[in-house]
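K.L.:
fold the stuff below for me.
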Amino acid sequence: MLDAVLTQRSVTAQKRITLHAVLSVGLIALAVILPQIVHLALGQPGGVQLLPMYLPVLLGGCLLGRKWALAVGVLSPVVSFAITSLTGNPMPALARLPFMAVELAVFAVIAGLFSRKIAQNGLWAFPAVICAQLTGRAVFLGSVAVCQSFVPFTTEMIWSQIVAGWQGLLLQAILVPLLIIALCAVLVKRHE
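P.N.:
Purely as a prediction, here's the structure:
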């Protein structure tokens, strides 16, 4: 979406790259901070239910397109793990990190595939988020199924966490598109 708006405004390639990079770093930072806030307020079950790291990644997909969002999706759990490991309480846990990086990469890329459509009509953010969520969660479950003989969790455990996270997915399926629609309205209004 952002690329389409910047192209319409004849923003130079250098400035577009800078804006994408700044937004990407901001979304990664949000993906590190938001889970910390949720875990402080609601504990570990709050994180499983609300899935706070997913929100910035979904925003990134809708705003940045698949290439930049892919970096946000992969780097969000990696940066979070690196920073929180310094405190002795890594989030996500090391065993979950590769699975979460793959899942969030899928979230980002699928949502990013809708980015141009979203630029034309912000309502496309609804199917973008829902398709990203369904595909990402399926990939997470499938990758655990393939690897369960050498990881400390089972498909049953992951399925129960997926079920526990339906509230977070529903909240994000509403909140992310509404934020994107509002942002579209602001950007289009400013352009006119």
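K.L.:
now do the buried residues in stretch 126-146.
P.N.:
Neighbour-count burial for stretch 126-146, counted by 16 or more other CB atoms under 10 Å, picks out 126, 128-130, 132-133, 135-137, 139-141, 143-144. Placement of C-beta: from N, CA and C, glycine included.
K.L.:
can I get those in TSV with pLDDT, secondary structure and distance to residue 180?
P.N.:
Formatted as TSV, the buried residues of stretch 126-146 follow (pLDDT from 0 to 100; DSSP: H, G, I helix; E, B strand; the rest coil; distance: CB to CB, whole Å):
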residue	pLDDT	secondary structure	distance to residue 180
126	98	helix	9
128	98	helix	8
129	98	helix	9
130	98	helix	13
132	98	helix	12
133	98	helix	15
135	98	helix	18
136	97	helix	17
137	97	helix	20
139	97	helix	23
140	95	helix	23
141	95	helix	27
143	95	helix	28
144	94	helix	30
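K.L.:
can you lay out those residues as JSON lines showing distance to residue 168?
P.N.:
Shown next, in JSON lines, are those (distance: CB to CB, whole Å):
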{"residue": "126", "distance to residue 168": "16"}
{"residue": "128", "distance to residue 168": "17"}
{"residue": "129", "distance to residue 168": "12"}
{"residue": "130", "distance to residue 168": "13"}
{"residue": "132", "distance to residue 168": "14"}
{"residue": "133", "distance to residue 168": "10"}
{"residue": "135", "distance to residue 168": "16"}
{"residue": "136", "distance to residue 168": "12"}
{"residue": "137", "distance to residue 168": "11"}
{"residue": "139", "distance to residue 168": "17"}
{"residue": "140", "distance to residue 168": "14"}
{"residue": "141", "distance to residue 168": "16"}
{"residue": "143", "distance to residue 168": "20"}
{"residue": "144", "distance to residue 168": "19"}
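K.L.:
residues in contact with the lowest-mean-pLDDT helix or strand in the chain?
P.N.:
Within the chain, no helix or strand scores below helix 2-8, which has a mean of 85 by mean pLDDT, DSSP states H and E. With CB atoms under 8 Å, 6 or more residues apart in numbering as the test, helix 2-8 has contacts from 15-16, 19-20, 23, 63-65, 115-116, 119-120, 187, 191.
K.L.:
again with stretch 88-108
P.N.:
Against stretch 88-108 from outside (CB under 8 Å, 6+ apart): 35-36, 39, 47, 53-54, 57-58, 60-61, 66, 69-70, 72-74, 76-78, 80-81, 84, 132-133, 135-137, 139-140, 143-144, 147, 151-153.
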